[in-house]
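Asker: Starting from these lines, generate the structure:
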Amino acid sequence: MQNLNFRLGMIFAMTVLSILVVLPRIPISINNKWLKLDTSVGGYFINLGKWQLDLRDIKKGLDLEGGIKVVLRADMSKIADDEKSGALESAKEVIDRRVNLLGVTEPFVATSKVGDEYRIIVEIPGIDNVSEAINLIGQTAQLKFKTLKKDLEWTQDKYLQYVSSPDSWEDSGVTGADMKGADVVVAQGGDISQQGKPQIQLKFTNEGRTKFSELAKTNIGKPIALYLDEDSFPISAPTVSEDLATGLISDPVISGNFTFESAKTLAIQLRSGALPIPVEVLEQKTVGATLGGESIQKSFLAGVVGLILVFAFLVLRYRFLGILSGISLIIYSFIVLAIFKIIPVVLTLPGIAGFILSIGMATDACILIFERTREEIRWGKPRNLAIKLGFERAWNSIKDSNVSSLITSFILFQFGSGSVRGFALTLAIGIFVSLFTSIFVVKTFIEATNFGQLRRPKHE
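Answerer: Just a heads-up that it's a prediction; the model follows:
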């Protein structure tokens, strides 16, 4: 009995939590002489520093939320024929990293060849600043650390003269390739004029840390200029202090005339690396979300109608057990949608189709169990034993059916792209949750209601 109560409590807690996760933000305002309340439920955003959980809305793909689609043409004029495919794939990986670091989820990045042209197709949902995204995708972003040429005399009053003259600098051998990352930080100490402004913290590899430390030791009191790509003006030219020259202990920061947006963009470019080949924008298309809103409404209606029809079938066919199975289906829907929000799953039209399909599949296990139970009753087993055997002996069929579906989902997710992966992911999540609801939840409900009221067929 204690075990049954524990399982019922767990199902209840999971259901309530799932409902709270799924609910959009609903304001609650009560103001009378007995109670004053101004709050809301649902649509939560949990911020615990580095870890954040955004439950305000289900993430939507390009076809539902809108965004941009960009087709880039790669310049292969300086690449050997046998290296073109590899160069294109490398460029795709760099762009993929950049788009992911931009903070969007499930961008679609793919390569294609049209005639003699090599192209990269990028789809980014939910982007507001189109020009910023395109600049981020296409720039090469190779960071170089340069020192003053040896024949130049360094004095502080010549700082502006040297900084404004790119011919005054030479490569030091330390580049962005010696870094493993870059983060945006806020200046807190040191120069008062820089306090509160964004800076970029450089994270070197072990080898890069050694190279930069040696560079600093030979340039005490002199500036080291940081050039991005072929810019004629450095983004920063900090002077090497004696403390820095004794050895690089912490990650250094560079300051400049950054805004938070420009600092974030630069940090992303430095983290993702340089593009191995030049690219140009061949086509740019903004996708509106109007069609997406209509599609969501129709898909939601289809899901509700499907759920009602399945519920009605179960009740007509299995009476009381059908009602219990229908309740488990409702719980199943809330849990799946909650998982979509928590992961988060980027929902596309094929993804919605996968979810609706999984509703039907969620009843598969229940039907197998109930039909097996009917057979056991026909063979003369007591009702309680028949239900117990129904769950046990239907398990092999349920397992094989769902494992084969999961294998198919895995193959689609592994080798598919874009919306195909979304369909595979939502289907796989639905299968896992359906196993929980059809086996664990339904069985617990049957035990809690004294094994239901399944009757023998009339012809017996």
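Asker: Distance check, the nearest residue to Phe370 once chain neighbours are set aside against Val310.
Answerer: Nearest non-adjacent residue to Phe370, counting by C-beta to C-beta, 6 or more residues apart in numbering: Tyr318, 5.1 Å away. (Glycine included, C-beta is placed from N, CA and C.) Taking C-beta to C-beta, to the nearest Å as the criterion, Tyr318 is separated from Val310 by 12 Å.
Asker: hang on, the earlier thing: just want the phi and psi numbers for the residue nearest to Phe370.
Answerer: Phi and psi for Tyr318, reported as degrees, to the nearest 10, are phi -120, psi 10.
Asker: for Asp54, same thing?
Answerer: Backbone dihedrals for Asp54, given as degrees, to the nearest 10, come out at phi -100, psi 110.
Asker: circling back: so Tyr318 and Val310 - more neighbours on which side?
Answerer: Of the pair Tyr318 and Val310, Tyr318 is the one with more neighbours under other C-beta atoms under 10 Å, namely 22 against 19.
Asker: Domain map for this protein?
Answerer: The record's domain split for the chain, according to automatic domain parsing, is 3-54, 67-139+275-287, 144-256, 291-448.
Asker: Which strands and helices lie in contact with the helix or strand where Leu17 lies?
Answerer: For Leu17, the enclosing helix or strand under DSSP states H and E is helix 2-22. Other helices and strands packing on helix 2-22, by 3 or more C-beta pairs under 8 Å, 6 or more residues apart in numbering; DSSP states H and E, are helix 290-342, helix 442-448.
Asker: how about it: buried residues?
Answerer: Along helix 2-22, these residues count as buried under the neighbour rule (16 or more other C-beta atoms under 10 Å): Arg7, Ile11, Met14, Thr15, Ser18, Ile19, Val21, Val22.
Asker: what does stretch 167-178 give?
Answerer: By neighbour count, with 16+ other C-beta under 10 Å as the criterion, the buried positions of stretch 167-178 are Ser168, Trp169, Ser172, Val174, Thr175, Gly176, Asp178.
Asker: Over to stretch 322-330?
Answerer: The neighbour-count check on stretch 322-330 (16+ other C-beta under 10 Å) flags Gly322, Ile323, Leu324, Ser325, Gly326, Ile327, Ser328, Leu329 as buried.
Asker: What lies in contact with it?
Answerer: For stretch 322-330, the external contacting residues (C-beta atoms under 8 Å, 6 or more residues apart in numbering) are 307, 310-311, 313-316, 318, 359, 362-363, 366, 370, 437-438, 441-442, 445-446, 449, 452.
Asker: hang on, the earlier thing: restricting to C-alpha, output the helix holding Leu17 in PDB.
Answerer: Written as PDB, here are the backbone C-alpha positions of helix 2-22 (Å, rounded to 0.1, in the frame of the first residue of the first chain):
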ATOM      1  CA  GLN A   2       2.800   2.400   0.800                       C
ATOM      2  CA  ASN A   3       4.500   1.600  -2.500                       C
ATOM      3  CA  LEU A   4       1.200   2.400  -4.300                       C
ATOM      4  CA  ASN A   5       0.800   5.700  -2.500                       C
ATOM      5  CA  PHE A   6       4.300   6.600  -3.300                       C
ATOM      6  CA  ARG A   7       3.700   5.900  -7.000                       C
ATOM      7  CA  LEU A   8       0.500   7.900  -7.000                       C
ATOM      8  CA  GLY A   9       2.200  10.800  -5.300                       C
ATOM      9  CA  MET A  10       5.000  10.700  -7.900                       C
ATOM     10  CA  ILE A  11       2.600  10.700 -10.800                       C
ATOM     11  CA  PHE A  12       0.600  13.600  -9.200                       C
ATOM     12  CA  ALA A  13       3.800  15.600  -8.600                       C
ATOM     13  CA  MET A  14       5.100  15.000 -12.200                       C
ATOM     14  CA  THR A  15       1.700  16.000 -13.600                       C
ATOM     15  CA  VAL A  16       1.500  19.200 -11.600                       C
ATOM     16  CA  LEU A  17       5.100  20.200 -12.400                       C
ATOM     17  CA  SER A  18       4.500  19.500 -16.100                       C
ATOM     18  CA  ILE A  19       1.400  21.600 -16.100                       C
ATOM     19  CA  LEU A  20       3.300  24.500 -14.500                       C
ATOM     20  CA  VAL A  21       6.100  24.200 -17.100                       C
ATOM     21  CA  VAL A  22       3.700  24.000 -20.000                       C
END
